[in-house]
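>>> Okay, here's the prediction I keep looking at, along with the sequence it came from:
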Amino acid sequence: MQLPIRRSRLLASLSSLAIVALIWGCSAFDDYLDKDPDAFLGPPPDLTPPVVTVQAPAGADSLHASPVGGRDAVVEVAASDDIELREVAILIDDRLEALLTDPPFTFTWDTTVLDEGSVHRIWARATDSSDNSAESDTVYAVVFNAGPRIRIMSPERSAFVQGDIEIEVEADDPRVPIQRVDFLIDGIPIGSDSNAPFSYTWSSQDYPPGSHFLSAMATGENGSLGISPFVSILLNNSPPRVQLEFPETGRAVAHLGTIPFSASAVDTVHGAIPDSLLWTSSIDGEIGRGGYFWKSGLTPGVHDIVVSARNAWGLESFDEIQLVVRETPTISLCWDMFYPFILTECYVCHNPGAPEIPDSEFDMSTWITMLEGGKSQRELGLRALVPCKPDSSLIWIKITDDTPLVGDPMPPPDSREPLTPEQKEMIRIWIEEGAPPDEGLEGGC
């Protein structure tokens, strides 16, 4: 008679354990999702379609169709996607003419098989790696093949152009004497020339930067028309925008201090071009290149710091500040800070033999090891010491903030007194001046 009772107790115990496990599992699952929801759910689906436009021809409707002609008429499409573009389809009169997977998305169109004066519809469809697709607006082209043969010789295809641009054509057809050549930008006439050799100077200053398409149309003495293939160009009349971000003008640093120089350069066509930045000093000449770098050892004196950028069109602009470099620092790392208070309040826990060193891995033995930082720098990217920037330096944050980003305030409040306002001010000034080592004591005090 005891067996059923034991069995019922066992089943009840198992049921209770199952409920506990379920509750614990849900709680643990919720905690897991709270920590990293994407780890389980994965990234959100890509629902954004590509962007696609037909750049040439550019006729907005059948009454304003762009003239095309010859065996090498060019259809050019621009397409982009926020993640990955898979393919671009080019269609003429709803017939698939090209399926392209890599830029440039261009198609060479043989118009000689088409009726003279016929108008054709051109559009494109772009598809991304998530099967999102988008269609361009339809553009229109009108075919002229019976007239004089003509082609643009200058500028060349994909040329970077600016200012006043000389457009030159080859227009010498023995079959049909040429009476006039009309020059077109993006399918719109901008001028003409009735005298050989035919050319036109285009003043491009009022046109937006970016891609444009040149073409030329020749009118024969018999009234027939001939059109050149399109030539794509990149236009830019604006120099890049340069902004010197750090240091600010008037900043004073020590001769052995380190300065984090930073600036940005943005071009109207190519976007950010940090690699084009060149930094010079009125005293030391070239001091660096790029959008961000550290520099120390500048010659004492008042420097005019200039950062300049030149874009692919040779257009240049600059920004400048004045920087004061002092021969000696206001605060000595060794004599004003390390021996008076860092040794007893900080170094005692931050030296290679300290029991606490495995937790922080931050060694204050030398100026070099302080710059190298500890675990927070290596694992979290939080620098212990950012010269000239106390508010970005974990050393300063930990001695001034009761709830620092990581770890506890320093010195540890449960075992040591906080630094005095005077001691904190010394650290701040030292960092502001570039956190310089003492002359000859880079390896330690």
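Now that the structure is in, tell me what you want to look at. Numbers count the residues shown, from 1 in each chain.
>>> how much space is there between Ser62 and Asp115?
15 Å (C-beta to C-beta, to the nearest Å). C-beta: built from backbone N, CA, C; applies to glycine.
>>> Let me see the ranges of the helices in the stretch 201-350 of the chain.
Secondary structure of the stretch 201-350 of the chain (DSSP state H, counting those that start in this stretch): helices at 343-345.
>>> In terms of neighbours, single out the busier of Ser62 and Asp115.
Neighbours per residue, other C-beta atoms under 10 Å: of Ser62 and Asp115, the larger number sits with Ser62, 13 against 10.
>>> list the contacts for the more buried one?
By C-beta atoms under 8 Å, 6 or more residues apart in numbering, the residues touching Ser62 are Val119, Tyr140.
>>> residue ranges with poor pLDDT in this structure?
1-43 (pLDDT under 70).
>>> I'd like the domain boundaries of it, if you could list them.
Listed domain ranges for the chain are 51-143, 151-235, 241-326, 333-432 (source: automatic domain parsing).
>>> Can you measure across the last one, start residue to end residue?
Terminal residues of domain 333-432 are spaced 13 Å apart (C-alpha to C-alpha, to the nearest Å).
>>> can I get the domains of the chain in JSON lines with distance to Gly444?
Below are these laid out as JSON lines (distance: least, C-beta to C-beta, whole Å):
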{"stretch": "domain 51-143", "distance to Gly444": "51"}
{"stretch": "domain 151-235", "distance to Gly444": "54"}
{"stretch": "domain 241-326", "distance to Gly444": "15"}
{"stretch": "domain 333-432", "distance to Gly444": "4"}
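>>> pretty sure Ala218 is touching Ala171, no?
Yes - using C-beta atoms under 8 Å, Ala218 is in contact with Ala171, at 5.2 Å.
>>> quick one, which of these two is more surrounded?
More crowded of Ala218 and Ala171, by other C-beta under 10 Å: Ala218, with 26 against 23.
>>> what do Ala218 and Ala171 both touch?
Pro148, Arg149, Ile150, Ile178, Val181, Phe198.
>>> Pull the most distant pair out of these.
For the shared contacts of Ala218 and Ala171, the farthest-apart pair by C-beta to C-beta is Arg149 and Phe198; their separation is 12.8 Å.
>>> Touching both of the two, which residues are there?
Ala171, Ala218.
>>> Give the residue from those two that has the larger number of neighbours.
Phe198 (22 against 19).
>>> Report how many residues lie close to the nearest residue to that one once chain neighbours are set aside.
Leaving out its chain neighbours, the residue that sits closest to Phe198 by C-beta to C-beta, 6 or more residues apart in numbering is Val181, at 3.9 Å. Val181 is flanked by 26 other residues according to other C-beta under 10 Å.
>>> Please apply the same query to the one 10 residues further on.
Using other C-beta under 10 Å, Gly191 is surrounded by 15 other residues.
>>> now do the one 5 residues further on
Neighbour count of Ala196, defined by other C-beta under 10 Å: 12.
>>> Now the phi/psi pair for it, please.
Taking degrees, to the nearest 10, you get phi -80, psi 150 for the backbone angles of Ala196.
>>> wait, doesn't it sit right on Glu170?
No - with contact defined as C-beta under 8 Å, Ala196 does not reach Glu170; the gap is 10.6 Å.
>>> Measure how buried Pro189 is and give me the count.
Look at Pro189: counted by other C-beta under 10 Å, it has 11 neighbours.
>>> Just grab the bridge partners of it for me.
Beta-bridge partners recorded for Pro189 (DSSP bridges): Leu184.
>>> Touching, it and Tyr200? I think so.
No - counting by C-beta under 8 Å, Pro189 does not reach Tyr200; the two are 10.3 Å apart.
>>> Which residues are in contact with each of the two?
Counting by C-beta under 8 Å, 6+ apart, the residues touching both Pro189 and Tyr200 are Phe183.
>>> Name the nearest residue to Leu91, sequence neighbours excluded.
Trp123 (5.6 Å).
>>> Can you report how many residues lie near that neighbour?
Residue crowding around Trp123 was assessed by other C-beta under 10 Å; the count is 19.
>>> which non-adjacent residue is nearest the residue nearest the centre of the chain?
Nearest to the geometric centre of the chain sits Ala272, at 5.2 Å (C-alpha atoms, centre = their mean). Sequence neighbours aside, Val266 is the residue nearest to Ala272 in space, at 5.6 Å (criterion: C-beta to C-beta, 6+ apart).
>>> and the one you found, what does it touch?
Pro240, Arg241, Ala272, Ile273.
>>> Just these: which are in strands?
Mapping the contacts of Val266 onto strands (DSSP state E) picks out Arg241, Ala272.
>>> Kindly supply the PyMOL command isolating those of the contacts of Val266 that are buried.
To isolate in PyMOL the members of the contacts of Val266 that are buried, counting by 16 or more other C-beta atoms under 10 Å, one can use:
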select buried, resi 240+273
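>>> Distance to Ile368 added to the contacts of Val266, as TSV?
Listed next are the contacts of Val266 as TSV, based on distance: C-beta to C-beta, whole Å:
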residue	distance to Ile368
Pro240	37
Arg241	38
Ala272	33
Ile273	34
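>>> and which of the shared contacts of Ala218 and Ala171 is nearest Gly288?
Checking the shared contacts of Ala218 and Ala171 against Gly288 by C-beta to C-beta gives Phe198 as the nearest, at 49.7 Å.
>>> Verify the stated contact: Ile185 with Ser211.
No - judged on C-beta under 8 Å, Ile185 makes no contact with Ser211 at a distance of 11.3 Å.
>>> Need the overlap of contacts for these two.
Residues touching both Ile185 and Ser211 (C-beta under 8 Å, 6+ apart): there are none.
>>> Please identify which of those two sits among more neighbours.
Between Ile185 and Ser211, counted using other C-beta under 10 Å, the more crowded position is Ile185 (20 against 16).
>>> all strands for the stretch 301-445 of the chain, in order.
Using DSSP state E, counting those that start in this stretch, the strands of the stretch 301-445 of the chain run over 301-310, 316-326.
>>> Of those, flag the one that's most buried.
Mean neighbour count (mean count of other C-beta atoms under 10 Å) peaks for strand 301-310 among these, with a mean of 19.
>>> What angle do strand 316-326 and that strand make with each other?
Relative orientation of strand 301-310 versus strand 316-326 (axes from the mean of the first three to the mean of the last three C-alpha atoms, to 10 degrees): 160 degrees.
>>> Send me strand 301-310 as CSV with only the CA atoms.
Only the C-alpha atoms of strand 301-310 are listed here, as CSV (Å, rounded to 0.1, in the frame of the first residue of the first chain):
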residue,chain,number,x,y,z
GLY,A,301,57.1,79.2,-29.2
VAL,A,302,53.8,80.4,-30.8
HIS,A,303,52.8,78.2,-33.7
ASP,A,304,50.3,79.0,-36.4
ILE,A,305,48.9,75.6,-37.1
VAL,A,306,47.2,75.2,-40.6
VAL,A,307,45.3,72.1,-41.7
SER,A,308,44.5,72.0,-45.4
ALA,A,309,42.8,69.6,-47.8
ARG,A,310,42.8,69.3,-51.6
